[in-house]
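In: Turn this into a model:
(chains A, B, C and D)
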There are 2 protein chains.
Amino acid sequence: MLDDRKLAVLRAIVEDYVSTNEPVGSKALAERHNLKVSPATVRNDMAALEEEGYITQPHTSAGRVPTDKGYRLFVDRLSQVKPLSGAERRAIETFLAGAVDLDDVVTRTVRLLAQLTRQVAVVQYPTLTRSTVRHVELVPLNDRRVMLVLITNTGRVEQRVIELPEVVEDTRIAHLRAVLNACLDGCGLSNVPELVADLPERLPLEDRPVVATILSVLLETLVERHDEKIVFAGAANLAGADFSIGLRDVLEALEEQVVLMRLLGETSADTPSALTVRIGSENPYLRGTSIVATGYGSGDNQLARLGVLGPTRMDYPVTMGAVRAVARYVSQILAAS
Amino acid sequence: MLDDRKLAVLRAIVEDYVSTNEPVGSKALAERHNLKVSPATVRNDMAALEEEGYITQPHTSAGRVPTDKGYRLFVDRLSQVKPLSGAERRAIETFLAGAVDLDDVVTRTVRLLAQLTRQVAVVQYPTLTRSTVRHVELVPLNDRRVMLVLITNTGRVEQRVIELPEVVEDTRIAHLRAVLNACLDGCGLSNVPELVADLPERLPLEDRPVVATILSVLLETLVERHDEKIVFAGAANLAGADFSIGLRDVLEALEEQVVLMRLLGETSADTPSALTVRIGSENPYLRGTSIVATGYGSGDNQLARLGVLGPTRMDYPVTMGAVRAVARYVSQILAAS
DNA sequence: CTTGGCACTCAGGAATGCAGAGTGCTAGAT
DNA sequence: ATCTAGCACTCTGCATTCCTGAGTGCCAAG
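Out: The predicted structure follows:
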């Protein structure tokens, strides 16, 4: 049904439309991409492509525009991910290498990606699930309150203020800290609940209420925060773009962590580092936008996801190249620290 | 030059224009605000106001629109800050009370303010300058690296990974931690530089390179980060509004911490909790927008600033009320913790 | 000082008329 | 069987024109 030339025509339409933002007609197409056939022939092919739903015309006697289905075919079969230039690679490397802590890595990454793609970049904070406890710290604030600080091997720091059920002197706190660290140091976060389950029973009776309070906060910290945090940058890039839906809706979605999480999607279990591309209506949460995302993290230790969001009319090869490259570099940085 | 009626006319023009977004004419004005004079009289007053530069007409034979100078007079002399409703107050209180840590307080505050004002809200993280050291923690990561964690009495946690110049065993680290805490615990952050100045000299010779490294990072953390962090929310509210400058410029400014800081402005030394209103061209960094900001923090311990940014055509009394109320509540919350 | 009257101005919408790009179809060429 | 050329047709976008209504400024009278 779709011979090689028709595919070439589709590819040409996508490329031209993406770069010019104007419906592309048969004549211009035949000229610009030396297809060696006449506009009339191209028109026939276009009619066939339209019949199949790959392209459409905004109105009679206008050029053609790719549909979501057309972009999908383009991404799957007609395009190649475009690698970054050497200069870009070096820029990424030096920019990310300057980060001082995890927060900084994430912030720099998201800005970098936004600048590179000229779209909105989204980065999820590394999940705690797969990381391990590096240190647990209890800091007395006054005699009824302590601050719990949890440090992971990925450099993430979680903090919570805990109201104690009774007055506790600093020496007892110091002792509890030692107990906690002995119990948890180096353990995977996902194992923490079982590891601390019988902890109260192994301690003197008078410590149990305090320990119970502390543990409940600790567990809460783990489950509540474990992959919620997510940031974006490059909203300014939305200003020019035109979405089928309102700009307002897009901005609202960006500020809603939950929606943003859904947009980035799940890392598929088998191929976590594969690029996911969701085009227009394929995306149930924010139609009219496209998303290019991928997991990051070193090897089998997938940490979280990052990607970009933009209009359906997007330069997919370039965007995919940038997302993939940034994911690799940030994985590398995180693995090193 | 400006008698009472002329001022009343100006107030009416501002109020009508803000609510309708259309140039307001003499006839509509005389009707809606029972001024008890005829449109012709109003016209004369308008001519005078225009002469003085308080209002202007977009084109001949259109109604009048306030100028920046007009808004300024309105804010200074013709309007009263509008307090929030009881329901709003309760909503603020419960929403902010649910915060679990400083990060959460700031995040909730900025969202709340955005929702309340339907503008873009901006909140600066509490400054370290006036806060005191609650605890310094050194966590060994491996034999050449430690993580420095600095906890302040405002609940803020700063973290840095430090590369040590030589291999250092954990016991030495523990000792250094004790020394640092003995030296700094409870001290104001601004005093830290002088307090640690002679620290290397008071330690055995072999510890000095390590201590020097740690201290340099510590000092860096203090100066670099001390009031840089700033967040915003409610960008979606920009979608409808029309600025004299491009939407893109506004979004870009919002993502630029430095610009944002400038926009919020300095807390004036004498009246730190006063509302600052900067209107349109009064604002050198982002003309065409207005900013309503104030300091927050309890009593004489001013922590930082917060405010909102919106189009010049803004409901100042309501916005000012919301900003003031939120600043008070967040001050209260922070003072309690 | 206020008011009513009046002529004047101008933005914005509706109607009109092009010009150009692009299409679909058909008949002929390869 | 496929490609090509030609032609009539359709439709947007743009400029032009016209008209209406809101709003003004000025003046003379109350």
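
In: where does the stretch 201-337 of chain A have low pLDDT?
Out: For the stretch 201-337 of chain A, residues meeting the criterion pLDDT under 70 lie at A:223-228, A:269, A:299-301, A:337.

In: need the helices for it, in chain order.
Out: Assigned by DSSP state H, counting those that start in this stretch, the helices in the stretch 201-337 of chain A fall at A:208-225, A:247-255, A:257-264, A:316-336.

In: ditto for the stretch 51-200 of chain A
Out: In the stretch 51-200 of chain A, the helices defined using DSSP H, counting those that start in this stretch lie at A:68-73, A:86-97, A:102-117, A:170-184, A:192-197.

In: helices and strands around the second one, which ones?
Out: For helix A:86-97, the contact count by 3 or more Cβ pairs under 8 Å, 6 or more residues apart in numbering or on different chains; DSSP states H and E identifies helix A:102-117, helix A:316-336 as packing neighbours. For every residue, glycine as well, the C-beta is placed using N, CA and C.

In: got those as TSV, with mean neighbour count columns?
Out: Listed next are the helices and strands packed on helix A:86-97 as TSV, based on neighbours: other Cβ atoms under 10 Å in any protein chain shown:
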stretch	mean neighbour count
helix A:102-117	21
helix A:316-336	20
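
In: which one of those helices lies closest to A:Ser268?
Out: helix A:316-336 (14.6 Å; Cβ to Cβ).

In: Give me the angle between that closest one and helix A:86-97.
Out: Angle, helix A:316-336 to helix A:86-97, by axes from the mean of the first three to the mean of the last three Cα atoms, to 10 degrees: 40 degrees.

In: what about helix A:316-336, near chain B?
Out: No. On the criterion Cβ under 8 Å from any Cβ of the partner chain, helix A:316-336 is out of touch with chain B, staying 10.9 Å away.

In: closest one to A:Met261 among the helices and strands packed on helix A:86-97?
Out: The closest of the helices and strands packed on helix A:86-97 to A:Met261 is helix A:102-117. By Cβ to Cβ, the value is 14.8 Å.

In: buried stuff in stretch A:214-223?
Out: Neighbour counts over stretch A:214-223 (16 or more other Cβ atoms under 10 Å in any protein chain shown) mark A:214-215, A:217-218, A:221-222 as buried.

In: Surely A:Ala236 touches B:Gly246?
Out: No. Between A:Ala236 and B:Gly246 there is no contact under Cβ atoms under 8 Å: 9.6 Å.

In: higher neighbour count, these two?
Out: When neighbours are counted by other Cβ atoms under 10 Å in any protein chain shown, A:Ala236 and B:Gly246 differ, and A:Ala236 comes out ahead with 22 against 13.

In: residues contacting the nearest residue to the more buried one once chain neighbours are set aside?
Out: The shortest distance from A:Ala236 to any non-neighbouring residue, by Cβ to Cβ, 6 or more residues apart in numbering or on different chains, is to B:Leu251 (3.8 Å). By Cβ atoms under 8 Å, 6 or more residues apart in numbering or on different chains, the contact set of B:Leu251 is A:235-236, A:238-239, B:235, B:238.

In: would you list those in TSV and tack on distance to DNA strand C?
Out: Listed next are the contacts of B:Leu251 as TSV, based on distance: Cβ to the nearest atom of the strand, whole Å:
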residue	distance to DNA strand C
A:Ala235	29
A:Ala236	28
A:Leu238	26
A:Ala239	23
B:Ala235	27
B:Leu238	22
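
In: Closest to B:Gly63 out of the residues you listed?
Out: Closest to B:Gly63, out of all of the contacts of B:Leu251 and judged by Cβ to Cβ, is B:Leu238, at 25.6 Å.

In: The closest one: how many residues sit nearby?
Out: Number of residues near B:Leu238 (other Cβ under 10 Å) recorded here: 24.

In: Contacts only, for it.
Out: With contact set as Cβ under 8 Å, 6+ apart, B:Leu238 has these partners: A:251, B:120, B:247, B:250-251.

In: Of all the helices of the stretch 51-200 of chain A, which one comes closest to DNA strand D?
Out: With Cβ to the nearest atom of the strand as the measure, helix A:68-73 is the member of the helices of the stretch 51-200 of chain A nearest DNA strand D (20.1 Å).

In: what mean pLDDT does that closest one have?
Out: Averaging pLDDT along helix A:68-73 gives 96.

In: Would you mind listing the buried residues in it?
Out: Quick answer for helix A:68-73 (16+ other Cβ under 10 Å): A:68-73.

In: Same question for stretch A:237-256.
Out: Neighbour counts over stretch A:237-256 (16+ other Cβ under 10 Å) mark A:237-238, A:241, A:243, A:247, A:249-255 as buried.

In: what does the stretch 101-250 of chain A have sitting close to chain B?
Out: Residues of the stretch 101-250 of chain A lying near chain B (Cβ under 8 Å from any Cβ): A:101, A:111, A:134-135, A:137, A:139, A:141, A:147, A:149, A:151, A:155, A:157, A:159-161, A:233-236, A:238-240, A:246-249.
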